[in-house]
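# Here is a sequence with its predicted model. Questions after.
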Amino acid sequence: VQLQASGGGLVQPGGSLGLSCAASGTIFRFNVMGWYRQAPGKQRELVAVISSSGVANYADSVKGRFTISGDNAKNRVDLQMNNLKPEDTAVYYCNANVITTTWRTSDYWGQGTQVTVSS
């Protein structure tokens, strides 16, 4: 199973960015997919995740600004980030808890993508 993340970059405060993550390989379906982030000197933290049934969970710090959406058929999640703040600066990591075609449930991480919010 591989996770391919895209998006991110540099944006001014108040701006918007989008992140996408697609899972491929021997996947039957995903249970939960989403995004975590890690800022320099800090622990990795949950940003937003969504279940295959469409239930989303957000960190309090991003509620009302970030929106996560999922596509079960494509095993893909998208994160729309609006009104970005400097404190959103971090490396963002895609995570997926999937059921494989061999009926194993496992966690996978994608490569990190940098989001920098700065004027």
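The structure has been received and is ready for your questions.
# helix or strand right after the helix or strand encompassing Val98?
Per DSSP states H and E, Val98 falls inside strand 90-100. Downstream of strand 90-100, the first helix or strand assigned by DSSP H and E is strand 105-109.
# Any idea how far that next one is from the middle of the chain?
Here strand 105-109 is found 14 Å from its chain centre; the criterion is C-alpha atoms, centre = their mean, to the nearest Å.
# counting contacts, what elements does it pack onto?
strand 2-7, strand 90-100 (3 or more C-beta pairs under 8 Å, 6 or more residues apart in numbering; DSSP states H and E). For every residue, glycine as well, the C-beta is placed using N, CA and C.
# Single out the most deeply packed of those.
strand 90-100 (a mean of 20; mean count of other C-beta atoms under 10 Å).
# what's the spacing between it and its chain's center?
7 Å.
# Could you spell out the sheet neighbours of that strand, each with its direction?
Its sheet considered, strand 90-100 pairs with strand 27-38 (antiparallel), strand 105-109 (antiparallel), strand 113-117 (antiparallel) by DSSP bridges.
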